[in-house]
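Engineer: got a structure for you, letters missing:
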């Protein structure tokens, strides 16, 4: 027996009985509505987990159920109303609208008011407060009223439950959002570990400081009473040449601390159309709020580069977009990392906003030796003519480039039905990588 489904059915039957009592009292015989007790089959289900987490009031719980019903029983409201109005007819007091695809009644704020308050004006206004911006429904991005055309009653907007909440309450999971126009970020992960990353000790030391913030920040803000004195989030700038471990470090921070990491390529988000960048970023931060995600903004130069004097409307709006992103970053209560190839590319006015500025330099000879040693698969037989110390000293490559060279060599060796790597093949692969990067061979 699936206790999650059973509990949902119990809740829907309870709601059905409650609405039937309301309809009977208001359409047939006025009477006091008795609220029946609700007992779940199990205390361990998706629905009870939600209740335990948010502790909704009776009114909030009814609104939540009203919003989720169409996702489970499309005919729910039509069937109830037809029982009391078998010959049909208009019933504006009940509220409800028709959707574009959905053919049943979709509940509105007026539906909640009718069921929970009837014609009692004071109670109706109390119910309306559930949909205010300062209510936890709105703050936690759980439930909202759909906007209505100008001049129409606000409460005639349909109840909209966040898709993630619908998925959680019906399937018990929350899927990670996919990259799209509405969500310009991609989830990144790695199977690598800190031992696979080779960085200078000074860089590692600063990364450990970020880990300390992640581990102790909640205690600092809540238990030590620092919430009113410092901003809740943490902002870091990673700078250095491509392939030096900036993205991998962000991903490993997420893996180490159990947090999802989303990469945003600002060069793809910044729009040539005035105001569009702001909209793109707004949707991203709205989605990220209260998720405790790590947001990794790559190609930060695209938005945070050196500012110029305002010459036209595009310059003016570009500065507004930067100011908007800074505001959202500073108000974000999680970890935000911006990445750039060069620190000099970032305006100093922005640099001061970061708590950590971490340099990811090109690996030196010793680091390159370690990277070669850790990257070459143990299945390869390395010829005696290869001295990894000499290779590391002679060829200045980033960690990503060394991985590319290793990848190329391994594939070509397998294609040759061999497992042997000699110096000639290795140097050919290194020269190929240099040409690809536009370096003089």
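Structural biologist: Structure received. What you are looking at is a predicted structure, and each value in this text was computed from that prediction instead of being measured.

Engineer: for the rest of this, base every contact and every neighbour count on C-alpha atoms.
Structural biologist: Fine.

Engineer: average pLDDT for the helix or strand where residue 402 lies?
Structural biologist: Using DSSP states H and E, residue 402 maps to helix 399-415. Helix 399-415 shows a mean pLDDT of 95.

Engineer: buried residues in it, which are they?
Structural biologist: Neighbour-count burial for helix 399-415, counted by 16 or more other CA atoms under 10 Å, picks out 399, 401-406, 408-410, 412.

Engineer: what of stretch 413-432?
Structural biologist: 420-421, 426-427, 429-432.

Engineer: if we can go back for a sec, each with direction, which strands does the helix or strand following the helix holding residue 402 pair with?
Structural biologist: Note on helix 399-415: by DSSP H and E, the next helix or strand toward the C-terminus is strand 420-421. When pairing is defined by DSSP bridges, strand 420-421 lines up against strand 381-382 (parallel).

Engineer: what's next to the strand it pairs with, contact-wise?
Structural biologist: Here strand 381-382 makes contact (CA atoms under 8 Å, 6 or more residues apart in numbering) with 419-422.

Engineer: now do stretch 25-43
Structural biologist: Contact with stretch 25-43 is made by 3, 6-7, 10-11, 14, 18, 21-22, 24, 49, 84, 118, as judged by CA under 8 Å, 6+ apart.

Engineer: longest helix of this structure?
Structural biologist: What stands out as the longest helix in the chain, according to DSSP state H, is helix 3-27.

Engineer: centre of the chain versus that helix, how much separation?
Structural biologist: Distance of helix 3-27 from the chain centroid (CA atoms, centre = their mean, to the nearest Å) equals 34 Å.

Engineer: just stretch 401-416 next, same as before
Structural biologist: So, by CA atoms, centre = their mean, the centroid of stretch 401-416 is 35 Å from its chain's centroid.

Engineer: can you redo the buried residues of helix 399-415 as JSON lines with distance to residue 342?
Structural biologist: Output for those, formatted as JSON lines (distance: CA to CA, whole Å):
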{"residue": "399", "distance to residue 342": "17"}
{"residue": "401", "distance to residue 342": "18"}
{"residue": "402", "distance to residue 342": "21"}
{"residue": "403", "distance to residue 342": "22"}
{"residue": "404", "distance to residue 342": "23"}
{"residue": "405", "distance to residue 342": "25"}
{"residue": "406", "distance to residue 342": "27"}
{"residue": "408", "distance to residue 342": "29"}
{"residue": "409", "distance to residue 342": "31"}
{"residue": "410", "distance to residue 342": "32"}
{"residue": "412", "distance to residue 342": "35"}
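
Engineer: and the longest helix of the chain, which residues are buried?
Structural biologist: For helix 3-27, a neighbour-count test (16+ other CA under 10 Å) marks 4-5, 7-8, 11-12, 14-16, 18-23, 26 as buried.

Engineer: fine, thanks again, bye for now.
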